[in-house]
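Asker: Compute the structure for the input listed below.
(one chain, ligands or ions: 2)
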Amino acid sequence: MMKTYGHFDDANREYVITDPKTPFPWINYLGNEEFFGLISNTAGGYCFYKDAKFRRLTRYRYNNVPMDTGGRYYYIKDGDTVWNPGWKPTQTDLDFYECRHGLSYSKFIGEKDGVRSELTCFVPKGTNAEVHKLTLENISNVRKKLKLFSFAEWCLWNGMSDMENFQRNLSVGEVEIEDSVIYHKTEYKERRDHYAFFSVNAPIDGFDTDRENFIGLYNGFEKPVAVAEGSPRNSVAHGWSPIASHYIEVDLEPGEKRELVFVLGYIENEKEEKWESKGVINKTKAKAMIAQFDTSEKVDAALLALSKDWEKLLSVYQVSTGDEKLDRMVNIWNPYQCMVTFNMSRSASFFESGIGRGMGFRDSNQDLIGFVHQAPERAKQRILDIAATQFEDGSAYHQYQPLTKRGNADIGGDFNDDPLWLILSVSAYIKETGDWSILDEIVPYDNDESKATDLFGHLTRSFTFTTKNLGPHGLPLIGRADWNDCLNLNCFSDDPNESFQTTGNQMGRTAESLMIAGQFVLYGREYVELCKRRGIKTADSEGHIDAMIDAVKKDGWDGEWFLRAYDYYGKKVGSKENDEAQIFIESQGFCTMAEIGKEEGLCQKALDSVEERLACEHGIVLNNPAFTKYVIEYGEISTYPPGYKENAGIFCHNNPWIIIGETKLGNGDRAVDYWKRIAPAYREEQSELHKMEPYVYSQMIAGKDAFKPGEAKNSWLTGTAAWNWAAISQDILGIKPGYDGLMIDPCISKDWKAYAITRKFRSATYRISIRNPDGVCKGVKSMTVNGQPVDGNIVAAVEPGSSVDVLVTLG
Ligand code: GLC
Ligand code: GLC
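Answerer: Ligands and ions are numbered 1, 2, ... in the order given. Here you go, the predicted structure:
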């Protein structure tokens with residue numbers, strides 16, 4: 001029996017961590033709009049406004065020793081004992097510890113020597129701040145004289161320069177202290193129109209704003225000198241490292257309780273309103289924000305509003321199957337992770353520093369399929385933002401910065417799968433909302449307003465980009481890489497100082513991708529459907545799709561599976577002729593989702609090969625056999641040790657492609673089985689091995705060739721969330737939004753007897769009950785809508801506000 005570190009509390013929609021020493025920091029995200037915090041199970045992490053690189057409020061040191069050091073800390077000094085509600089950083093043993101990660105809030109409950117503390121952290125709606133409510137309660141029968149120190153360390157805004165430009169940074173830090181508020185105003189004098197503050201809704205008995213004074217040059221966060229000695233220094237930072245610490249003496253009679261509200265906020269001022277007087281910042285907005293949360297009641301109300309929002313978001317899709325693990329994934333945690341990935345793309349997690357990658361073109365388009373049903377308006381805006389970074393020839397900047405919404409020129413483009421993902425996101429948006437007007441929105445190219453077409457024109461260019469970039473076999477040219485960032489078929493890197501993906505591009509016109517071929521057929525058909533509905537002739541486009549199908553069958557089939565690619569020299573990649581990496585997952589996924597050669601049995605054969613060669617108990621690996629040597633013409637993929645990341649790791653993002661492929665063939669048992677291998681709730685009992693949070697997907701689980709198969713990494717920010725959402729909610733449970741209504745098309749395990757789903761769709765409610773009396777995997781035998789039998793399996797969209805009862809019998 002392996003050790004677990006907590007449990008799910010489904011009623012409260014929380015994961016409850018009961019042992020602070022999780023195998024890795026298990027984190028949560030605060031904020032859903034413009035202000036965000038990352039918070040670990042010991043209150044470590046940091047917060048930022050919009051962009052983790054350019055507007056970072058608090059400092060964080062990555063890959064630190066000890067792990068996860070730095071955060072929002074509250075030190076409670078009770079006699080000689082100093083402890084924290086979240087155990088760290090003092091690591092004083094607690095009599096009771098619980099971290100409850102809920103939907104956009106985290107709660108830390110610590111008890112020590114008759115004192116109970118409860119710290120709740122969240123970002124209220126419409127607010128650019130973290131609010132921390134701290135309750136201290138004397139549960140002993142003696143009087144307690146406690147000394148409380150808060151702590152946050154300011155980051156000097158730019159997360160990157162904060163870690164490298166010390167010759168400047170150590171001289172520029174500035175603060176102001178007024179009443180119980182510490183203001184951080186570094187660089188405000190010149191070009192910044194923003195400052196941060198940390199407040200508390202009570203008089204303070206002292207403070208510190210200079211790190212060396214508070215912590216001591218030779219101490220760590222676990223033993224700040226001011227705390228150890230029980231007396232603040234009232235230090236005012238001038239350069240060096242500014243921090244914010246309040247000091248409050250809390251006397252509690254037995255049974256008495258004290259509640260304090262701290263606000264860690266961000267303020268922007270108009271240029272002409274920056275100052276109150278010379279050198280003194282204008283605090284009007286800060287004071288207004290503080291006043292919004294100056295009582296516990298106001299904070300509780302804001303927390304309730306947040307939970308009501310989540311209630312509403314989650315109510316769009318609720319399933320009841322009788323399998324509590326499945327239900328909690330679908331009803332709570334998968335949609336939650338989809339919201340977080342939508343917000344963060346791949347920017348800020350405990351594996352992504354927030355200073356490297358902006359928003360990915362392909363990533364954000366894919367994230368959208370996990371999110372569009374939750375907040376269609378925001379999804380629409382996201383589509384328009386992404387499309388505006390597309391180039392005129394249909395290709396795209398690979399990434400863009402969220403703050404500026406501009407393409408990132410350092411990385412550039414030439415990832416040839418990128419354009420096609422836009423067709424996926426736009427069609428998913430229209431299917432969910434029925435809002436065809438999005439296609440008429442005028443959207444620039446490369447953010448240049450003088451170059452613009454309607455959004456539909458962008459899709460046309462996405463489509464034609466592929467048709468104009470075909471290689472010798474009539475298959476799509478791969479460019480620097482396709483979805484697999486590490487299959488770098490045109491980047492011959494032999495210099496350790498360069499990037500595998502963006503340097504040395506040969507601009508060859510031979511390397512071709514079978515994954516893009518499948519993607520083109522799948523999303524090309526979607527494009528054709530949109531054309532038809534707009535009354536546009538489709539013969540040419542259909543011709544291109546047919547030609548692609550022929551090319552795949554002719555030069556993309558290896559006998560038992562689909563090839564992966566042709567390399568720069570025109571040699572096969574992912575073929576039985578290769579020594580290593582004879583079979584890859586991506587082309588099996590995309591070509592079977594596109595049903596290429598289904599009639600001839602190619603899809604079934606390919607999926608059988610996947611089962612035989614790629615599947616293992618922890619999921620489906622990316623390629624097999626794993627690479628053991630560097631192949632310069634393949635690039636980064638062959639650099640990872642066997643079993644990790646793109647080299648035969650279980651890259652959870654692409655497992656759903658196989659799962660969906662299986663459902664196309666009606667193999668429900670296999671589809672469900674594959675899904676359970678990677679779905680985190682099913683891996684909870686193996687937490688010691690799995691290592692990452694059991695409530696969210698990780699990008700990668702070490703594959704069968706790894707040193708430690710089953711160990712996950714890179715949790716949270718991964719296309720895995722959105723794709724598994726699509727796989728389980730649409731392809732397995734079978735509720736598929738379509739242009740005209742909801743298609744009911746389950747593909748389940750034979751032994752599932754019945755289940756029920758409530759789906760809100762275009763402002764109407766569908767109560768769907770599915771029965772499987774004959775024990776089949778797939779096939780709707782009959783269906784009634786509000787008691788009336790209907791032909792087929794599409795429930796036509798009904799009047800907004802109405803509700804519909806759908807009874808489906810499989811057989
Ligand atoms: C990472 C990237 C994604 C890429 C994948 C496979 O998850 O964010 O864009 O497709 O790796 O390389
Ligand atoms: C590395 C990773 C890959 C990721 C890429 C982003 O190559 O292996 O997953 O997409 O970096 O730049």
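Asker: So the residue of the stretch 1-150 of the chain found nearest ligand 1 versus Gly358, what's the distance?
Answerer: Closest residue of the stretch 1-150 of the chain to ligand 1, Cβ to the nearest ligand atom: Ala52 (15.6 Å). Heads up, the C-betas are built off the backbone N, CA and C, glycines and all. Computed as Cβ to Cβ, to the nearest Å, the Ala52 to Gly358 distance reads 10 Å.
Asker: follow-up on the earlier one: which SS state does the residue of the stretch 1-150 of the chain closest to ligand 1 fall under?
Answerer: coil (DSSP: H, G, I helix; E, B strand; the rest coil).
Asker: which ones are touching it?
Answerer: Residues in contact with Ala52 (Cβ atoms under 8 Å, 6 or more residues apart in numbering) are 36, 159, 347-348, 353-355.
Asker: What's opposite Lys14 in the beta bridge?
Answerer: Just so we're on the same page, residue 14 is Glu rather than Lys. Glu14 has the following beta-bridge partners by DSSP bridges: Asp9.
Asker: Check whether it really touches Cys99, as I assumed.
Answerer: No: if you go by Cβ atoms under 8 Å, Glu14 and Cys99 don't touch, sitting 9.5 Å apart.
Asker: Name the nearest residue to Met359, sequence neighbours excluded.
Answerer: Spatial nearest neighbour of Met359, excluding adjacent residues (Cβ to Cβ, 6 or more residues apart in numbering): Ser345 at 4.1 Å.
Asker: Ile516 now?
Answerer: In space, Ile516 is closest to Pro476, 3.9 Å off (Cβ to Cβ, 6+ apart).
Asker: What about the one you found, how many residues nearby?
Answerer: Other residues near Pro476 come to 29 when the count uses other Cβ atoms under 10 Å.
Asker: Distance of it relative to ligand 1?
Answerer: 16 Å (Cβ to the nearest ligand atom, to the nearest Å).
Asker: Just read off the phi/psi values of the residue lying closest to Gly668 once chain neighbours are set aside.
Answerer: Sequence neighbours aside, Cys777 is the residue nearest to Gly668 in space, at 3.1 Å (criterion: Cβ to Cβ, 6+ apart). Per-residue torsions, Cys777: phi -90, psi -40 (degrees, to the nearest 10).
Asker: quick one: Cys777 from Ser320, how far?
Answerer: 20 Å.
Asker: Would you point out which residue of this protein is nearest ligand 1?
Answerer: For the chain, the residue closest to ligand 1 is Asp485, as judged by Cβ to the nearest ligand atom, at 3.5 Å.
Asker: next one: phi and psi at Glu324?
Answerer: Here is the backbone geometry of Glu324 (degrees, to the nearest 10): phi -60, psi -30.
Asker: Please tell me how far the residue in the stretch 601-750 of the chain that ligand 2 sits nearest to sits from Cys486.
Answerer: Closest approach between the stretch 601-750 of the chain and ligand 2, counting by Cβ to the nearest ligand atom: Lys645, at 4.7 Å. Using Cβ to Cβ, Lys645 is found at 7 Å from Cys486.
Asker: Then Gly779?
Answerer: For Gly779, the distance to Cys486 (Cβ to Cβ) stands at 39 Å.
Asker: Counting neighbours, go ahead and name the busier of these two.
Answerer: Taking other Cβ under 10 Å, Gly779 and Cys486 do not tie; Cys486 has more neighbours (19 against 15).
Asker: Compute the first-to-last residue distance for stretch 385-404.
Answerer: 10 Å (Cα to Cα, to the nearest Å).
Asker: Just confirm yes or no for it near ligand 2.
Answerer: No: figure legend: stretch 385-404 not in contact with ligand 2 (Cβ under 6 Å from any ligand atom); closest approach 8.7 Å.
Asker: so how far is that stretch off the chain centroid?
Answerer: Centroid displacement of stretch 385-404 relative to its chain, using Cα atoms, centre = their mean, to the nearest Å, is 20 Å.
Asker: count of residues packed around the closest residue in space to Asn64 that isn't next to it in sequence?
Answerer: Nearest non-adjacent residue to Asn64, counting by Cβ to Cβ, 6+ apart: Gly70, 7.1 Å away. Gly70 has 21 neighbouring residues, counting by other Cβ under 10 Å.
Asker: what sits against Gly70?
Answerer: Applying Cβ under 8 Å, 6+ apart, we find Gly70 in contact with 44-46, 58-61, 64, 153, 221.
Asker: okay but Asp440 is in contact with Leu455, surely?
Answerer: Yes: assessed by Cβ under 8 Å, Asp440 is found in contact with Leu455 at 7.2 Å.
Asker: Need phi/psi at the residue of the stretch 451-600 of the chain found nearest ligand 2.
Answerer: Ligand 2 sits closest to Asp485 of the stretch 451-600 of the chain, with a gap of 3.6 Å, by Cβ to the nearest ligand atom. Backbone torsions of Asp485, given as degrees, to the nearest 10, read phi -50, psi -20.
Asker: for the one 10 residues further on, same thing?
Answerer: In terms of degrees, to the nearest 10, the main-chain angles of Asp495 are phi -120, psi 120.
Asker: For it, grab the count of nearby residues.
Answerer: Asp495 has 9 nearby residues by other Cβ under 10 Å.
Asker: Over to Pro496?
Answerer: 5.
Asker: tell me the secondary structure for it?
Answerer: coil.
Asker: cool, and Ala196?
Answerer: Secondary structure assignment for Ala196 (three-state DSSP): strand.
Asker: circling back to that earlier point, quick check, the residue of the stretch 601-750 of the chain closest to ligand 2 in contact with Ser698.
Answerer: No: look at Lys645 against Ser698 with Cβ under 8 Å: they stay out of range, at 11.6 Å.
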